[in-house]
Each structure stands twice: as structure tokens, then as C-alpha cells.
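**Student:** give me a 3D structure for the following:
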Amino acid sequence: MEDVHFRDPASTLRPQSLAIVGASDRARWPERIFTSLRKGGFPGRIYPINPRLKEVWGTTCYPDLASLPEPVEHAVVIVPAPAVQQVLEEGVRSGLKSATVYAAHIGEGTDPEVVARGAALKDMAARSGLIVAGPNCMGGNSLHDRYFGYPNTDLCKVPAGAVSIVSQSGGTLQFIVTSAAARGIGFSHMVSSGNELCLDLADYVNFLVDDPHTKVIALFIEGIRRADAFMVAAGRALAAGKPIIAIKTGRSKQSRDAAQSHTGAIAGDFTVFEAMCERYGITLCATLEDMFEVMLVFQAGRLPRGPRVGFITTSGGTVDLLYDYFEEIGGIEVPDFTAETKARIAGHATSDTAIKNPLDSGIPSSEAAGAEISKAVAADPNIDILAWAGVLPGGSRKRDPDALRSVLASTDKPVIAFGRTTYMVGPEALTFQNEVGIPFLQGLKPTLRAIAALSSYSACRARPLPQRPAIAVSGAGDATILADDLAAAGIPVPRSAMATTPAEAAIVATGIGFPVALKIVSPDISHKTEVEGVRLALSSAAIVAHAAGELTDGVRRHAPSARIDGLLVQEMVSGVEVLLGARTDPQYGPFLVLGTGGVFVEVLDDVAARLLPVTPDDVRAMIRTLKLGKLLAGFRGRRACDVEALVAAVCRFGDFFLRHRTVLSDLEINPLIVRPAGEGVCAVDIRHAPATS
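**Tutor:** Here you go, the predicted structure:
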């Protein structure tokens, strides 16, 4: 990432002067932009450009950029695709600094002419230093700077605020902004980035990190063109305390890599993208509706010290639903209140109130009584976030803003109000929300996901970004040498030995001690079970010899062209089977996968991924998200497993892969057996693929 560079979009978002190329009374987009700039109070000079007109919109119109009385900083270029290149070349000669290109059919798709246009534009920008937004975009607005380049007058009326959004979908940007504004979210910049032939997401994020008006960054992502630069920018945003909220298309399994290992088969592009988001504290939303709630909670500006939430509701049914959702959503802890807190609550609650967390307080006798209960919960040392069930005023619903303001003023912890379902929000309600300074979320599940995101981001900010270890000088060899290397790195392997004949296998097994496992060794076979290449729990020399003959014959039936190097005899190891794999993703770099192992890996799909390196806390967090965690804790009377030995082994495995990442493209242990507590782990089956030069 040392060679990462960024282009500055400042002149495309807050230009001092601009030209509108394609000005016409009959062209809707240029006219809307001009009108929005004039009515919105844009402070710079505006020059319409059209060679066929002397005047347009009541002002002088110029034939081209070269004929302007002065060079302009930015050009809004709304002309057909074939004419764009000439306009920009002329602009560069006339001192133009940047341009927004709205036309499609420049660089996208496979049409040779369209591809050639894109290449020419990209080459010109690189040669000249011209900063280009788009093409195939809808421009952008900068509300604090009174710049309006998006051809929609409604977006100019959105209240200025602290959220900036960049969307690779121009039409979706309009929907997100108008819907979010209707909930009380204010915007600084809104950008439609289009084909990103010059400026891309990384450039915009990097710019927004330094923008004084931006406190929260929202992204609608279809693809990331420069992952290395994006991660650098995301790291800067994390360090600056500017949360990134993202929604990304492309969760489909169709994008998964058909690699030879389970790691490649189950960890597709989106899984690794999720791992990147986790590393850099990016909140990845599953739906646009979730995005609005997360924007609201981050816009409030307070971060918790931990994940412990105090819930106050007015309904036992709400409490029951919350309990149902806690485990499903995760990331939230609901500790009991202290005795002091319970005493404070009792002074304002009815005598039959069961004081616990979540709290069903019933309908408080007054707004003041409800505020005092909220203050008591907020002051509890066991609580990091106060979540209070309440809705905004509207119609016959009235609220006292002073009571809620007093709750917020009583604590520095996040204070969140939430409704059980969605409801309409009117101007009066938005005014109230702004007055009290508390975000009012809608829907129980979206509320819990937003709270979990707030807690997760705060935790991510508190931990340093890990550094990758240096690359080892020596490389990894064949499977046997690799097993020895892993054992030397602190990952135990079972006692084992190679044999070439059934008789030799029987002798080796006797030396190891029964029971043993028998496995075919072939560079042409990745999944041994698929070709009947494994026998387990063999209890005598005779059984081993017989199984060896059957195993060899069976493999030759299923894979007659496979080269058989011999038979591996291993001691039998029992415990919970875990998958542990590492690969280097072409975009995001080395990553690790941990999950339930064995032969049903793809069926169970119980895996978690993280970018490498990982820390012990990372591994424990992965285990908590998996069904594997229940197996390790002891299932149906089985003994609990040695989780800490697993944690240590995963970290060592990740470091081993990083040190050998120039010679290994793929490394996998399946299964890694986790033995009962105190007995450690054992890497039973190791597979690897060499890196391609």
C-alpha cells in the first residue's frame, strides 16, 4: 500500500466558478442545475456554454470554454458521449481544473467504441491532471458550500448536516437522501460517482475524512476499484473518528471462487469484503432501511464504552420480542441493574413493576417520572447505552422536550429512543427530534442492529490496526515438510508416517499405536473423501493392511489418472472438527477463515472470515458468531473443548501464512481437531497450494 495515491475531488464539490456545458432551455438537467445554483445561493460565477445560443436562462451564453472571459475551475458537462472528449481537451487548454461528466456510454460494457471513449478520457485525465467525476453519473451537491450539481430540485432543500454520502448508483442516491432527510438526517455532501474513470470511492472517502462539515460517511457500493487505496482511506476515517456506513450489492454465491480448497469455495468476494469492513470499523448494512437507523444513531455523535444496553419499555410484549431478537442479532449485552439503580427506579415506578433489564415500566405517571427512570438507568455503571421505547410526537401524540433534554444532559452515554414499528414522521416531529438531540429509531430489529453497530464501531476504534509480520526467507515444501513447519510454529500434528504398500502400512500403524487413520497421498486429489481415500479408526495391523488395499483400489476407480505417492498412517485424534484456512484475496489481501470443519463444510456454511493478521480477541469474536461456539462449549453432555488452545493455534496459523504468503496462495487445515479442555489441538489434514509467479 506504499504506492497508494489519491486524487482531490474538492474542485468538483466546492468550485469557485463553473461552466454548464450543454446549456439549453430545452435540456432539463442543465436548466435544473442552473436554477438550483441561482436559487440556492451559489457564491461563484456561472457560465452557460452552447455554440448555438447567444443567451439562455436570461444570461449570456458562450460558444465554448475557450471563449470565456476567464478560466473556470469546474465544468458541468452534459453533452452526448461522442462530444465529451473534445470538450474536455478544450477545457484543459483553457485552464479547466475539473469536470463532472454526466453522459453514459463512456468506458462501461464491452462495446469497442464505448470502451475506447473511456480509455481516451482516462488517458487524458492522467496526462493533464484534469480531475473528472463520472462519467455516467448524476453529479453531486455540497449543501454547506451551496453547490448543487445534481439535477433534482428537491435535493437542494434537504437540511445541511453532518452526513456525506457517495453512491455508485445515481438514482439510488436520490432515494436514500430524500428518505433519510424525512427522518431528520442532515447532509453535507451527496455524490453520484458513476463509472469512476478518474475519481473513485477511495478518493471521495479520503477527501471526506478531512472535510470539516462531515462527521459520518455513507456509501452505496457496487464495486471497489482500488481496494488498497480504499483501505488506506478507511483507516484514516477510523483514526479520525468518522464512521463509515455502507451498503453493498453482490452478496450472490455466483461470485464465489471455485478454488480447490474449502476456503476458496466458501469465502467468496463478499465474505472477504465483509472481513475488510470488520477490520476498518465499517458498518455494513443489509438493507436501506437499516442504513437510515444507523445514520441516525451515528449522527447523534456519542459513542459507548461497551456493548451493555439498558432497555426501558412500556410493554411486556416488547420485552419478550427483545429477548427473541437479542441472540439472533448479537453484539448486545443486557446486564442486570445495580441495587442502587433498582432503588432509584422503584421511587418512580408502580409498586407491581418487576425491575429488571429490559424494564417494562408501564406507562409512567408523567414525562418527568419517565425521565427520572431513564436517568437512573443511564447512570448505572453496568450500562453503556440507554435505549428508551418512545415515539416522536404527531397528531394527538405530544411530548415534553425539556424532560428528554434533561435525560441527555444527565449523561455522556448514547441515549436512543425507539419505536416498535415504523410510523410517519412529520415536520413537527423532526423539529422535536432536533430540539431534544436524541435519535428516534423505528422497528425493534433495525434498532438493535443500529445499537450493535454503534458498539462494534466504538470497540474497533479502541483497538490498533494490527501489522503484518515480515515474510520468511524459507518457503514451504510438500505436505510432509509443511506439517513439520506448522508443528515447529506451534500447531501440533498427529503422529504419522508414510507407507508405500499395505504391508508397510500395517507395520507403521503398529509402531504408531492403534487405532489409526489411513489416507491416500496424491498431488492430484484435494478432497480425499470424495474418492474413498480415507479410512478411520482402524484397530489392528490386519485391518490396516486390508483397508490399504481397498483404499488404493477405490481411488484408482474414482480417479484413474491420479498419481498415488503412497499412504499416510496417522494416530486417531478425537474432538470437535474445525476448518482453518487462509488465502490471499486479489483485492483485499491475506485473509483467514474459521468455522465448523469436516466433510460437511459447504453444507453447514458455518464460517467467519477476518483479514490477517488476527489477534486472540479477533478469534474469540469469530467463535462467538458461529454455531461452532456451542460445539466447543460442550454439547449434549460432551466435555468443553480447549478453546484457548484453538485461539492460540489460529493466531499462529495466520502468522505462519503471512510469513509464507509469497510461496503459498492457499493453506488449509481441515479438520483441526480441538480436544477437551487442557488437551490442546491437533492439525489432522493439511492442504496447500503454491503461489503462482
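**Student:** show me what contacts the closest residue to residue 587 other than its chain neighbours?
**Tutor:** Leaving aside its chain neighbours, residue 587 sits nearest to residue 227 (3.9 Å; criterion: CB to CB, 6 or more residues apart in numbering). C-betas here are computed from N, CA, C, even on glycine. By CB atoms under 8 Å, 6 or more residues apart in numbering, the contact list for residue 227 reads 276, 587, 588.
**Student:** between those, which is closest to residue 391?
**Tutor:** Of all the contacts of residue 227, residue 276 has the smallest distance to residue 391: 36.7 Å, by CB to CB.
**Student:** beyond the helix or strand harbouring the closest one, next helix or strand please.
**Tutor:** Secondary structure assignment for residue 276, by DSSP states H and E: helix 269-279. The helix or strand immediately downstream of helix 269-279 is strand 283-284, counting by DSSP H and E.
**Student:** strands paired with that next one, and their directions?
**Tutor:** strand 244-248 (parallel) (DSSP bridges).
**Student:** which residues sit against the partner strand?
**Tutor:** 205, 216-222, 234, 237-238, 270, 273, 277, 280-288, 291, 294-295, 298, 453.
**Student:** show me which of these are buried.
**Tutor:** 205, 216-221, 234, 237-238, 270, 273, 277, 280-285, 291, 294-295, 298, 453 (16 or more other CB atoms under 10 Å).
**Student:** returning to what we had before: please report which of the contacts of residue 227 has the highest neighbour count.
**Tutor:** residue 276 (24 neighbours; other CB atoms under 10 Å).
**Student:** CA atoms of the helix holding residue 276 as PDB?
**Tutor:** The C-alpha trace of helix 269-279 is given here as PDB (Å, rounded to 0.1, in the frame of the first residue of the first chain):
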ATOM      1  CA  ASP A 269     -15.800 -11.900  -2.800                       C
ATOM      2  CA  PHE A 270     -18.500 -10.700  -0.400                       C
ATOM      3  CA  THR A 271     -17.200 -12.700   2.500                       C
ATOM      4  CA  VAL A 272     -13.800 -11.100   2.200                       C
ATOM      5  CA  PHE A 273     -15.400  -7.700   1.700                       C
ATOM      6  CA  GLU A 274     -17.200  -8.200   5.000                       C
ATOM      7  CA  ALA A 275     -13.900  -9.100   6.600                       C
ATOM      8  CA  MET A 276     -12.400  -5.900   5.300                       C
ATOM      9  CA  CYS A 277     -15.300  -3.900   6.800                       C
ATOM     10  CA  GLU A 278     -14.900  -5.600  10.100                       C
ATOM     11  CA  ARG A 279     -11.200  -4.700  10.200                       C
END
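**Student:** show me what that helix is packed up against.
**Tutor:** Applying 3 or more CB pairs under 8 Å, 6 or more residues apart in numbering; DSSP states H and E, one finds that helix 269-279 contacts helix 227-240, strand 244-248, strand 283-284, strand 589-596, strand 607-611.
**Student:** need the ones you listed in TSV (columns: mean pLDDT and distance to residue 687).
**Tutor:** As requested, the helices and strands packed on helix 269-279 are exported to TSV (pLDDT from 0 to 100; distance: least, CB to CB, whole Å):
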stretch	mean pLDDT	distance to residue 687
helix 227-240	97	26
strand 244-248	97	30
strand 283-284	98	30
strand 589-596	94	13
strand 607-611	95	16
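**Student:** so which bits of stretch 23-36 are buried?
**Tutor:** 23, 24, 27, 29, 30, 31, 32, 33, 34, 36.
**Student:** contacts for that stretch?
**Tutor:** By CB under 8 Å, 6+ apart, stretch 23-36 touches 20, 22, 46, 48-50, 53, 56-57, 61, 76, 78, 102, 139, 148-153, 156.
**Student:** these in strands, which ones?
**Tutor:** In strands, defined here by DSSP state E, the members of these are 20, 46, 48, 49, 56, 76, 148.
**Student:** surely residue 416 forms part of a strand?
**Tutor:** Yes: under DSSP: H, G, I helix; E, B strand; the rest coil, residue 416 sits within a strand.
**Student:** how many neighbours does it have?
**Tutor:** Look at residue 416: counted by other CB under 10 Å, it has 25 neighbours.
**Student:** which residue is the nearest non-sequential neighbour of it?
**Tutor:** For residue 416, the closest residue by CB to CB, 6+ apart turns out to be residue 387, at 4.9 Å.
**Student:** what is the neighbour count of residue 43?
**Tutor:** So residue 43, with other CB under 10 Å, has 11 neighbours.
**Student:** so what's it up against?
**Tutor:** residue 146.
**Student:** what's the distance between it and residue 49?
**Tutor:** Distance of residue 43 to residue 49, given as CB to CB, to the nearest Å: 20 Å.
**Student:** can you check residue 644 too?
**Tutor:** From residue 644 to residue 49 the distance is 69 Å (CB to CB).
**Student:** of the two, who's got more company?
**Tutor:** residue 49 (27 against 14).
**Student:** I figured that one hits residue 65, correct?
**Tutor:** Yes: counting by CB atoms under 8 Å, residue 49 touches residue 65, with 6.4 Å between them.
**Student:** which residues do the two both contact?
**Tutor:** 19, 21, 75.
**Student:** surely the second one meets residue 65?
**Tutor:** Looking back up the chat, that one is residue 21. Yes: using CB under 8 Å, residue 21 is in contact with residue 65, at 7.2 Å.
**Student:** more neighbours: the two, which one.
**Tutor:** Taking other CB under 10 Å, residue 21 and residue 65 do not tie; residue 21 has more neighbours (28 against 25).
**Student:** which residues touch that one?
**Tutor:** Residue 21 neighbours (CB under 8 Å, 6+ apart): 49, 50, 65, 75, 76, 77, 78, 79, 87.
**Student:** for the residue lying closest to the fourth one once chain neighbours are set aside, grab the count of nearby residues.
**Tutor:** Across the structure, with CB to CB, 6+ apart as the measure, the residue nearest residue 75 apart from its sequence neighbours is residue 99 (4.3 Å). Here the number of neighbours of residue 99 (other CB under 10 Å) works out to 30.
**Student:** which strand residues bridge residue 99?
**Tutor:** Residues in beta-bridge contact with residue 99 (DSSP bridges): residue 75, residue 132.
**Student:** per-residue pLDDT, it?
**Tutor:** Residue 99 carries a pLDDT score of 98 in this model.
**Student:** so how far is residue 146 from it?
**Tutor:** 20 Å.
**Student:** I'd assumed residue 604 was in contact with residue 579.
**Tutor:** No: using CB under 8 Å, residue 579 is not in contact with residue 604; the gap is 9.4 Å.
**Student:** any residues in contact with both of these two?
**Tutor:** With CB under 8 Å, 6+ apart as the test, residue 579 and residue 604 both reach 595, 596.
**Student:** the two - which one has more neighbours?
**Tutor:** Neighbours per residue (other CB under 10 Å) separate residue 579 from residue 604, with residue 579 holding more: 24 against 16.
**Student:** identify the residues contacting that one.
**Tutor:** Counted by CB under 8 Å, 6+ apart, residue 579 has contacts 262-263, 593-598, 601, 607, 668-672.
**Student:** and which of those residues is nearest to residue 14?
**Tutor:** residue 593 (43.4 Å).
**Student:** how close does the closest residue to the closest one other than its chain neighbours sit to residue 644?
**Tutor:** Spatially, and ignoring its direct neighbours in sequence, residue 593 is nearest to residue 581 (4.5 Å; CB to CB, 6+ apart). Distance of residue 581 to residue 644, computed by CB to CB: 21 Å.
**Student:** again, but for residue 171
**Tutor:** 51 Å.
**Student:** and for residue 41?
**Tutor:** In terms of CB to CB, residue 41 sits 62 Å off from residue 644.
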